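Q: Give the three-dimensional model of this entry:
(one chain, ligands or ions: 1)
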Amino acid sequence: MAVRKIVTAENPVLRQKAKKVHRFDNSHKKLIADMFETMEVARGAGLAAPQIGLSIRLFVAEYEGERIALFNPEIVKREGSVLGTEGCLSIPGYIGENIPRAEKITVKAQDYKGRQVRHELEGWFARIVQHEIDHLDGILYLDRLQRPEDLKELVPEEEEALEEEVAVQPE
Ligand code: ZN
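A: Alright, predicted model coming up:
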């Protein structure tokens, strides 16, 4: 396994519509393992292939120990609407508040062997998956902000700032 480099918002790959995957072979297993590892190291809840520079329709996500890796996902049913806060590994240092998402979704997709799968998801897991599927269409949460002030810059934690200060002090 290997940790891949995560691209950030200014990279045009994040604005492309990713290509459908037609061929399913063993190479996907390694890619999925790499994506989970990259996601874990970056402390994310989901990661879409375009975020590591690959413009293909694949994402991985994890919620409460349940892991999914879906190819060519399609939301076939949406129910309800909720506002929530989201971060994105490609937009470090910021979060977006009051981002509307469907409360419950049904996703049709393919697994790593190309088999058809269906997931009914709700709440936070449904939000993560909607965010990741947006990545496959070149959409970032920034596009879904209702008001510019809902984009918040994260202030580094005081202890971290303190540590940095301590580190640069001459002995
Ligand atoms: Zn994201």
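Q: name the helices or strands packed onto the longest strand seen in the chain?
A: If you go by DSSP state E, the chain has its longest strand at strand 66-79. Packing partners of strand 66-79 (3 or more C-beta pairs under 8 Å, 6 or more residues apart in numbering; DSSP states H and E): helix 27-41, strand 58-63, strand 104-110, strand 116-122, helix 123-136. Bear in mind the C-beta positions are built from the backbone N, C-alpha and C, glycine included.
Q: contacting residues for the residue nearest to I68 when sequence neighbours are not counted?
A: Once flanking residues are discounted, I68 sits nearest to A61: 5.5 Å by C-beta to C-beta, 6 or more residues apart in numbering. Contacts for A61 (C-beta atoms under 8 Å, 6 or more residues apart in numbering) come out as A45, G46, L47, R67, I68, F125, I128, V129, E132.
Q: For these, give me a markdown table that also has pLDDT, neighbour count and distance to R144.
A: A markdown table is the format used below for the contacts of A61 (pLDDT from 0 to 100; neighbours: other C-beta atoms under 10 Å; distance: C-beta to C-beta, whole Å):
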| residue | pLDDT | neighbour count | distance to R144 |
| --- | --- | --- | --- |
| A45 | 96 | 19 | 17 |
| G46 | 97 | 24 | 15 |
| L47 | 98 | 28 | 19 |
| R67 | 96 | 11 | 25 |
| I68 | 97 | 21 | 22 |
| F125 | 97 | 19 | 18 |
| I128 | 97 | 21 | 14 |
| V129 | 98 | 26 | 15 |
| E132 | 98 | 25 | 13 |
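Q: about what we covered before: how about the helices and strands packed on strand 66-79 in a markdown table, adding distance to E86?
A: Shown next, in a markdown table, are the helices and strands packed on strand 66-79 (distance: least, C-beta to C-beta, whole Å):
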| stretch | distance to E86 |
| --- | --- |
| helix 27-41 | 15 |
| strand 58-63 | 13 |
| strand 104-110 | 15 |
| strand 116-122 | 15 |
| helix 123-136 | 6 |
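Q: Nearest approach to V21 belongs to which of those?
A: For the helices and strands packed on strand 66-79, distance to V21 was read as C-beta to C-beta. The smallest value, 6.3 Å, belongs to strand 58-63.
Q: what are the pairing partners of that closest one, and which direction each?
A: Partner strands for strand 58-63, per DSSP bridges, with pairing direction: strand 46-48 (antiparallel), strand 66-79 (antiparallel).
Q: can you list the residues that contact the longest one?
A: The reference is to strand 66-79. Outside of strand 66-79, the residues within contact range by C-beta under 8 Å, 6+ apart are 20-21, 24, 28, 32, 35-36, 57-62, 102-112, 114, 117, 119, 125, 129-130, 132-133, 136.
Q: Narrow those residues to just the buried residues.
A: Neighbour counting by 16 or more other C-beta atoms under 10 Å classes 21, 28, 32, 35-36, 57-62, 102, 105-107, 109-110, 112, 119, 125, 129-130, 132-133, 136 among these as buried.
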